[in-house]
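Asker: Build the 3D model from these lines:
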Amino acid sequence: MTLVLNRIDDRLIHGQVVVGWGQPLDVRFIVLVDDAVASSDWERELYRMGVPPEMELRFHSAAEAAPLLDAYRTDSHPGILLTGDIATMRELVLHGGVREVNIGGIHHRVGRRQYLRYVFLTTEEQQALREVASLGALVTAQDVPAARAVPLEEMLAHEADL
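Answerer: Next comes the predicted model:
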């Protein structure tokens, strides 16, 4: 299960992930890494309903996922690693060897400023993304496969333009 995309998307599983990315990348599985979802039968079942039957869905906490990522990278089927927040992805960069991070959607909340149509960040989240990059990960923002991947520093410079 080769990981073809390591994505931060606060909506987790939705059409853009399953259809927008899943179909063009011929994704066979999604690894959803979220401590709350991993511990909730109800939430896991809810997310299972959002994927087609031929697509496998695995749930892990951040601590569980990090040591399993090498196995996901060595299988022949393509897959997506998905987190709902920057902190979880940071743990996977630090302890799981993730080297490319796609910011797919971090949406508006109180205290966040807009950087792209689909990316809103607090000052702390900006710093966390810069830390992820400083750990050696290539961080870009890209909502759909046909869009241009926007490098982190270019994205952060957009705030002044809005």
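
Asker: quick one: secondary structure of residue 114?
Answerer: Classification of residue 114 using DSSP: H, G, I helix; E, B strand; the rest coil returns strand.

Asker: Identify the bridge partners of it.
Answerer: residue 120 (DSSP bridges).

Asker: you'd agree it is up against residue 106?
Answerer: No. Assessed by C-beta atoms under 8 Å, residue 114 is found out of contact with residue 106, at 10.2 Å. In short, each C-beta sits where N, CA and C put it, glycine included.

Asker: hey, what's in contact with both of the two?
Answerer: Residues touching both residue 114 and residue 106 by C-beta atoms under 8 Å, 6 or more residues apart in numbering: residue 120.

Asker: any idea how far residue 148 lies from residue 104?
Answerer: Residue 148 sits 14 Å away from residue 104, taking C-beta to C-beta, to the nearest Å as the criterion.

Asker: Among residue 114 and residue 106, which residue is more densely surrounded?
Answerer: Comparing residue 114 with residue 106 by other C-beta atoms under 10 Å, the one with more neighbours is residue 106, at 24 against 14.

Asker: okay, and the common contacts of residue 148 and residue 104?
Answerer: residue 142.

Asker: Helices of this structure, start to end?
Answerer: Taking DSSP state H, the helices of the chain run over residues 15, 35-38, 41-48, 62-65, 69-74, 86-96, 123-134, 152-157.

Asker: so what does the last one touch, helix or strand wise?
Answerer: In other words, helix 152-157. Packing contacts for helix 152-157, counted by 3 or more C-beta pairs under 8 Å, 6 or more residues apart in numbering; DSSP states H and E, involve strand 113-116, helix 123-134, strand 138-141.
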